Structures are given as structure tokens and as C-alpha cells.
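*Asks:* Next comes the sequence, and after it the predicted model I'd like to discuss.
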Amino acid sequence: MRILGAILAGGEARRFGSDKGLAQLEGQSLIAHAADVLRSMSDAVVVCGRAVAPAGLATVPDWPAGGLGPLGGLCGALRHAAAGGFDAVLTVGCDTPELPPAVLGALIAAGGASYVRQLPILGCWPVTLAARLADHLATDTDRSVRGWGTLAGAVAIDAGGDIANINRPDDLTRLIAARAR
């Protein structure tokens, strides 16, 4: 199975106060950390929802338009993956720099649409869902990944613990402090 790793990075970062995808953790951006994790689990990695990505990563625009939240990024990634001959898209947020490979492996092993119950932006989505998601975005106002997952028949995987999610500057400060110990 060919997997496209997609970093969803098109959010407004209102709670963070600046572009959190470019925030630094141990000398590299949060996007670069997410890319490092995805490279070990996918055949290629793209950044969704940004015009420019760090570290020479390819970008994919949200589909059918920007401003649709993570589902717009996922839809763009699914379309890009389908055109590139991939079978599935493995999604992570740019604000999740530490991802246990076992959790990502469980998403892939589910064999169909799946997401992490505690953090639904982490998911594995067959490219066959591209048109269905585009239709959903055109006709439904529910933009939650969890809601989409339910409609798509996705399996919710339990991560079995906390996954660092950087939403505010304090979250990044705590992660940096935890890594220093």
C-alpha cells in the first residue's frame, strides 16, 4: 500500500498567536518534526494548506477552498494522493511533533478509514473517500474531523496515552521543559 503523509498546517493559530507550524522545537520547526515522523511511515510527505513549506516539502492547497479547517486540508491531500497513485493518506497536524510510531501503525493497520479518538486530526484515509469528502464539504456545515469520520465509517483508535498537541505557547514551553529532563 502506498501512503502519502500529509501535514495539516493551514489553520489560523488564533490560540497560539503566531504561525505555530514555524515555531521552533530543538532547532527545527514543528512542521519539520511532523515531517520526520511521517517519513518513517509513508512513501512521500506533503504540507497542506500553506503556500510555502519549510525544509523543501511540497505543498498541497486545501480543497475545494481554504478556510474549511482540517477537512479542507484532508480533501486536498486525498485528491493529490489519488492523482499520484497513492492508496491512502496518513494525516497529522503540524502541532503534533511527537507521534508514537505504534499509533500511526495502528491507523494504517486498521485497513480502512481510521482516526485517533483523542486527537482525530491523526488519521488514515483511503483515497477512495476524496469525492465523498468534497461532496460533504459542499453540502454540510459540519467541519469536524470526528463527524466526518463517523460519516465515512472510520474506526476510532485509542492512542493509549497522551499525545503532545501544541495549541498555545504554554504547550510548547511545557514540551520543551519535558524534553530537557
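*Replies:* Received, thanks.

*Asks:* quick one: which helix or strand includes residue 75?
*Replies:* In this structure, residue 75 sits in helix 70-83 according to DSSP states H and E.

*Asks:* What residues of that helix count as buried?
*Replies:* Residues of helix 70-83 classed as buried by neighbour count (16 or more other C-beta atoms under 10 Å): 70-82. All C-beta atoms are positioned from the backbone trio N, CA, C, and that covers glycine.

*Asks:* What is the nearest of those residues to residue 42?
*Replies:* Nearest to residue 42 among these is residue 81, at 10.1 Å by C-beta to C-beta.

*Asks:* what pLDDT does the closest one get?
*Replies:* The score at residue 81 is 98. That number is its pLDDT.

*Asks:* close enough to count as contact, it and residue 75?
*Replies:* No - between residue 81 and residue 75 there is no contact under C-beta atoms under 8 Å: 10.7 Å.

*Asks:* anything in contact with each of those two?
*Replies:* Overlap between the neighbourhoods of residue 81 and residue 75 consists of residue 130, taking contacts as C-beta atoms under 8 Å, 6 or more residues apart in numbering.

*Asks:* For stretch 118-127, list the C-alpha coordinates in CSV.
*Replies:* The C-alpha coordinates for stretch 118-127 follow below in CSV (Å, rounded to 0.1, in the frame of the first residue of the first chain):
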residue,chain,number,x,y,z
GLN,A,118,-8.2,11.5,21.5
LEU,A,119,-6.9,13.6,18.5
PRO,A,120,-9.0,13.0,15.4
ILE,A,121,-6.7,15.1,13.1
LEU,A,122,-4.4,12.0,13.3
GLY,A,123,-5.9,9.6,10.8
CYS,A,124,-5.5,7.3,7.9
TRP,A,125,-7.9,7.8,5.0
PRO,A,126,-8.3,5.8,1.8
VAL,A,127,-8.1,7.9,-1.4
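
*Asks:* the strands in the protein, which residues?
*Replies:* Along the chain, the segments classed as strands by DSSP state E run 3-8, 24-25, 28-29, 44-48, 58-60, 88-93, 114-116, 119-126, 155-157.

*Asks:* Where does the prediction get shaky in this protein?
*Replies:* 12-13, 55 (pLDDT under 70).

*Asks:* In it, which residue is most central in space?
*Replies:* The residue at the geometric middle of the chain, judged as the C-alpha nearest the mean C-alpha position with C-alpha atoms, centre = their mean, is residue 92 (2.5 Å).

*Asks:* what about the helices in this structure?
*Replies:* Taking DSSP state H as the criterion, the chain carries its helices at 30-39, 70-83, 101-109, 130-139, 145-151, 169-180.

*Asks:* Thanks a lot, see you next time.
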